[in-house]
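Chemist: Generate coordinates for the sequence data below:
(chains A and B)
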Amino acid sequence: MDTFEPLILVYTCYWCSYTAADLAGTSRIQYPPNVRIIRVQCSGMVHPNLVIDALTNGADGVLMCGCHPGDCHYLEGNLRAKSRADAIDLMLADFALEPERFRLEWVAASEGPRFAQVMTNMVEQVRKVGPSPYK
Amino acid sequence: MPVKVAQEWFAICGGCEVTVLDVGEPLLDLLPELEFVHMPVIMDHKLFGQTGENTQADIPEADVGILTGGVRNEENKHLAELMRSRVNTLIAMGSCACYGGIPALANQLMTEEIYERVYRGNSTTDPGATPKGPIPALLDRVYALDEVVKVDIKLPGCPTTPDMFTAAVLHLLKGTPFALSTKSVCDECPTIREKKAVSTLKRPLESVAGVGDDLKTVRCFMEQGFLCQGPATRGGCGGMEGGVPRCVRAYMPCRGCYGPLSDTANPMVDMMGALATIGLDPKQIPDRAAQFNRFAGSNGRLRVLPKR
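Modeler: Numbering: from 1, shown residues only, chains lettered A, B, ... in the order given. You can find the predicted model right below:
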């Protein structure tokens, strides 16, 4: 199990979380290279289909990052992301997936260090759970 | 020369066979061009010969094979493979053959659990041992036909519409390709959508508001708080020209019998996403897996979950 390197798909919103990733990069903050970042316009556009498809086709974990509640560029896109995340949390059980494989986090544009922290936590969390049963 | 048709039925109620009779007058025009060589529901043609003289089951060669029902036991599987080897074009008719249908709800249980429930855990049945005997053994789950053999045409629906059956046969006779609708039930539904959030769920036994009114003046059933599976269900049940969906015509929400919009889609994920998006608390939805995969339980959509 020591050699297991989890593959984490990260959806980041254009306005906050991706900018935070940018900031983490320009600040030269180190975080594990297991994450693959996909920039989307808003966390509210990440349909549960995308998350479930990723988890059942080889990703070990999926992380959704959006602006803090109240800060959404589109007013309430992140609230929609929250209710979709609740639905995803329920559905993980129907696909025999562990709840640790999916997480929703709020990361603001100025939170570069926090972005790196969240990535590190998620990678460690999924590393403990082990490889996806769909691999 | 008439086209030879062979038909066989598996795990099914028989409703799709009734659809063939339900075609009505167009059937009279079709009949001279069709010759049924094997069809247990209407004719006496036995698999082992008329007096049981053969030792191997056989189905006569035919141009078109129609199979209804999911593949539930060893016999179904054998006959499906036999039928495939005897016909040129194979039609999977009905949602059971296409997606497992209602029998595939059993895919959530182990076979042993099913036996336990049926023969011992049922309050109206005297408990007894699981019968053993010269009957075909159950497979581990209900399979859709295309998981077992190659299928050329799928006609979903519970039951499939006479319209769609006729269209498929006419396309076959003419040699033109037949394609299912790629629209969803919502695309064909005439009710009014106001895109307002829903907060509470109503039970299907409560009546929809506006029963009897012109459907163009009735509010979308989902927005009224009923679980309507229109967004995640293939359209076409209202007829090949895109008529009003059958259940909506009767002021009932869609139950999803035409199956998912694509073979790889999972209606549960689609529906949970759609409901969460319009503001419904996903925890309110009872038995979501079976609720939304009621007619599409094969292909791994419904399965035994590991105990935690």
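
Chemist: For chain B, identify the residue most remote from the centre.
Modeler: Largest separation from the mean C-alpha position in chain B: B:Glu53, at 35.3 Å (Cα atoms, centre = their mean).

Chemist: Could you look up the SS state of it?
Modeler: Assigned with DSSP: H, G, I helix; E, B strand; the rest coil, B:Glu53 falls in the coil class.

Chemist: what pLDDT does it get?
Modeler: Listed pLDDT for B:Glu53 reads 89.

Chemist: what do you get for the one 3 residues further on?
Modeler: Reported pLDDT at B:Gln56 in the predicted model: 89.

Chemist: What's the local residue count around it?
Modeler: Residues contacting B:Gln56 under the criterion other Cβ atoms under 10 Å in any protein chain shown number 8. In short, each C-beta sits where N, CA and C put it, glycine included.

Chemist: give me every residue that touches the residue nearest to B:Pro267 when sequence neighbours are not counted.
Modeler: Excluding its sequence neighbours, the residue lying closest to B:Pro267 (Cβ to Cβ, 6 or more residues apart in numbering or on different chains) is B:Ala232, at 4.2 Å. Contacts for B:Ala232 (Cβ atoms under 8 Å, 6 or more residues apart in numbering or on different chains) come out as B:184, B:256, B:260-261, B:265, B:267, B:270-271, B:274, B:292.

Chemist: The most centrally placed residue in chain A: what secondary structure?
Modeler: For chain A, the residue nearest the mean C-alpha position is A:Leu63 (1.3 Å; Cα atoms, centre = their mean). Under the three-state scheme (three-state DSSP), A:Leu63 adopts strand.

Chemist: which non-adjacent residue is nearest it?
Modeler: Nearest residue to A:Leu63, sequence neighbours excluded (Cβ to Cβ, 6+ apart): A:Val10, at 4.6 Å.

Chemist: what's the answer for B:Arg234, then?
Modeler: Nearest to B:Arg234 is B:Tyr258, by Cβ to Cβ, 6+ apart, at 4.2 Å.

Chemist: What is the burial count for that neighbour?
Modeler: As a burial measure, B:Tyr258 scores 31 neighbours (other Cβ under 10 Å).

Chemist: next one: B:Asp58
Modeler: Neighbour count for B:Asp58, taken as other Cβ under 10 Å: 13.

Chemist: Ok, the one 4 residues further on next?
Modeler: The number of residues packed near B:Ala62 is 21, by other Cβ under 10 Å.

Chemist: how near is it to B:Lys4?
Modeler: Remark: distance between B:Ala62 and B:Lys4 (Cβ to Cβ, to the nearest Å) = 4 Å.

Chemist: where do the contact lists of those two overlap?
Modeler: With contacts taken as Cβ under 8 Å, 6+ apart, the residues that reach both B:Ala62 and B:Lys4 are B:Val37.

Chemist: Packing partners of the helix or strand harbouring A:Val51?
Modeler: Secondary structure assigned from DSSP states H and E places A:Val51 in helix A:48-55. In terms of contacts (3 or more Cβ pairs under 8 Å, 6 or more residues apart in numbering or on different chains; DSSP states H and E), helix A:48-55 is packed against strand A:61-66, helix A:77-94, helix B:267-277.

Chemist: Work out which residue lies at the spatial centre of chain B.
Modeler: Against the mean C-alpha coordinate of chain B, by Cα atoms, centre = their mean, the closest residue is B:Ser95 at 1.3 Å.

Chemist: Hmm, B:Ala265 and B:Thr233 touching each other?
Modeler: No: between B:Thr233 and B:Ala265 there is no contact, the gap being 10.0 Å when judged by Cβ atoms under 8 Å.

Chemist: Who has more neighbours out of these two?
Modeler: The neighbour count for B:Thr233 versus B:Ala265, taken as other Cβ under 10 Å, is higher for B:Thr233 (30 against 18).

Chemist: which residues touch the more buried one?
Modeler: B:Thr233 neighbours (Cβ under 8 Å, 6+ apart): B:184-185, B:254, B:256-261, B:267.

Chemist: ok, now with 10 Å
Modeler: If you count contacts by Cβ atoms under 10 Å, 6 or more residues apart in numbering or on different chains, B:Thr233 has them with B:156, B:184-186, B:245, B:247, B:254-261, B:265, B:267, B:270-271, B:292, B:295-296.

Chemist: same question, B:Val41
Modeler: Under the criterion of Cβ under 10 Å, 6+ apart, the neighbours of B:Val41 are B:7-9, B:14, B:16-18, B:20-21, B:68.

Chemist: Could I have the CA atoms of the helix or strand hosting A:Asp22 written out in CSV?
Modeler: A:Asp22 belongs to helix A:17-26 when assigned by DSSP H and E. The C-alpha trace of helix A:17-26 is given here as CSV (Å, rounded to 0.1, in the frame of the first residue of the first chain):
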residue,chain,number,x,y,z
SER,A,17,-10.6,28.4,-6.2
TYR,A,18,-8.6,28.4,-9.4
THR,A,19,-7.2,31.8,-8.5
ALA,A,20,-6.2,30.3,-5.2
ALA,A,21,-4.5,27.5,-7.0
ASP,A,22,-2.7,30.2,-9.1
LEU,A,23,-1.7,32.0,-5.9
ALA,A,24,-0.4,28.8,-4.4
GLY,A,25,1.7,28.3,-7.5
THR,A,26,3.1,31.8,-7.7
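
Chemist: Now do that helix: which elements does it pack against?
Modeler: Here helix A:17-26 touches strand A:8-13, strand A:35-40, strand A:61-66, helix A:112-129, going by 3 or more Cβ pairs under 10 Å, 6 or more residues apart in numbering or on different chains; DSSP states H and E.
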